[in-house]
Every structure is written in structure tokens, then in C-alpha cells.
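Peer 1: okay, sequence plus prediction incoming.
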Amino acid sequence: MRQETGRNSKNSETKASIRLASGGRFFSASMLDEIADKSVIEVIIDTPRVTLVPATMVNALPLESLLAINGQAPLSNEVVVKSNNIDGRVAVIAIAKSAFDAISTSAEHVYFTTPLLNNSHYREKALVIEVVDGCCYFRLYNNGLIFAEALEITTAEDILFYTSQILDKTSMEQNIPIYIIGSTNSAKIVKKYYKKVICE
């Protein structure tokens, strides 16, 4: 696979998107039915084993090294892929090798991405917290992205703790809007300590 890869297809206009929970560890061949006969596949990988790097660094070091620098060296059953360049940043992501092998031969072009690259509210001064499949994506904006991290989260209290840590570490005002996506319970807990909490 070229990471846009595979074989020639007559159906070059068809597209599909699939989402892999837990970095694709529980990938099932039945998921391939969702992308049958599609030539362009977007694969959204939900995992805390991801980091954003400047696009200029992607060709300077192997992807495995870029992930290892972040303390997340790939496991023996993983491969490391990259996203497209979004606003000068590229996501480096670990994915289960079994899922990668199955998907990469299923379409002419395969693109990988992560919620860490979502740009909602990027023009604001705000913290965006997206909760998906036990993984929490924190994105802090101040007229552009200034901080992004994916963490394995188990409770609403965890989200509250990391919210506090991120705002303190970045010296960001405590009264900025905090958007929480995918967890009403977490929004209720965080709202006890921060005024501007919006559940989306």
C-alpha cells in the first residue's frame, strides 16, 4: 500500500469511511462489507497511541521513531501510519497490523486520520474534549491549535483531572469555553468546576 494504495479500480468516484475502535485491535472481516467496491477509503482510528508532528518532520525520521519519541513505540502486532497534512501537521498513528493488512488491500486509495485532527472551534480560544471508545482527545485552541493530546480515559473524574492539568500547564484562562463531545456525564462533572462548559 502507498497509504493511498492498492489496485486499479473502475469505480474511481466511490468513497466510504470506517471507524476503527481500539486502534483496530478488534477489527472484524465483516467490516469490509462496509467498504466493498469503494475506491477511496477514509479510516478513522480511535486510539490514544497517536501523536501530531510538524509536517516537516515526517520525512526526517521513520514513523516508528516519531511515535517512540512520544513514549509510544509500536508493539509487535502494530504498524505505524500517517495522516494527510492538515494545516502543517501530520498525525502518526499506531494501528493493529491485522486491520491494516485487511483494509490496505481493499481499495485503491486508503487514508488514515484521527479525531485529534478535527478542527472544530479552531478559531476560538477554547478547549475541545472529544470522548470516543474509552479514548479522550484534548484540543486546545487560541486562534489556532496550541495543544493536542489523546489519552486513555475511564471516568468523568479522569477528564476533569486532565482538563485542570492542561489548562494549568498551558497557562490558559480558567474561564474559556470547554466543549465536551460524546460524554454528557463528563460535561456535568466538569461544569461543577468550570463555568463555560458546552455539551455537544
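Peer 2: Great, that's in hand.

Peer 1: could you use CA atoms for every contact and neighbour count after this?
Peer 2: OK.

Peer 1: C-terminal to the worst-scoring helix or strand of the chain on mean pLDDT, what's the next element?
Peer 2: Among the helices and strands of the chain, strand 15-20 carries the lowest confidence by mean pLDDT, DSSP states H and E, at a mean of 86. Counting by DSSP states H and E, the element after strand 15-20 in chain order, helix or strand, is strand 40-45.

Peer 1: could I get the contacting residues of the closest residue to residue 195 other than its chain neighbours?
Peer 2: The shortest distance from residue 195 to any non-neighbouring residue, by CA to CA, 6 or more residues apart in numbering, is to residue 175 (6.4 Å). Residues near residue 175 by CA atoms under 8 Å, 6 or more residues apart in numbering: 194-196.

Peer 1: which is the next helix or strand following the lengthiest helix in the chain?
Peer 2: Ranked by residue count under DSSP state H, the longest helix found in the chain is helix 156-169. Going down the chain from helix 156-169, the next helix or strand is strand 178-181, by DSSP H and E.

Peer 1: need the contact list for the nearest residue to residue 111 once chain neighbours are set aside.
Peer 2: The shortest distance from residue 111 to any non-neighbouring residue, by CA to CA, 6+ apart, is to residue 42 (4.8 Å). Residues near residue 42 by CA under 8 Å, 6+ apart: 15-18, 110-113.

Peer 1: could the residues you listed go into TSV alongside distance to residue 72 and neighbour count?
Peer 2: What follows is these, written out as TSV (distance: CA to CA, whole Å; neighbours: other CA atoms under 10 Å):
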residue	distance to residue 72	neighbour count
15	31	16
16	29	16
17	26	15
18	24	16
110	24	23
111	22	19
112	18	22
113	17	21
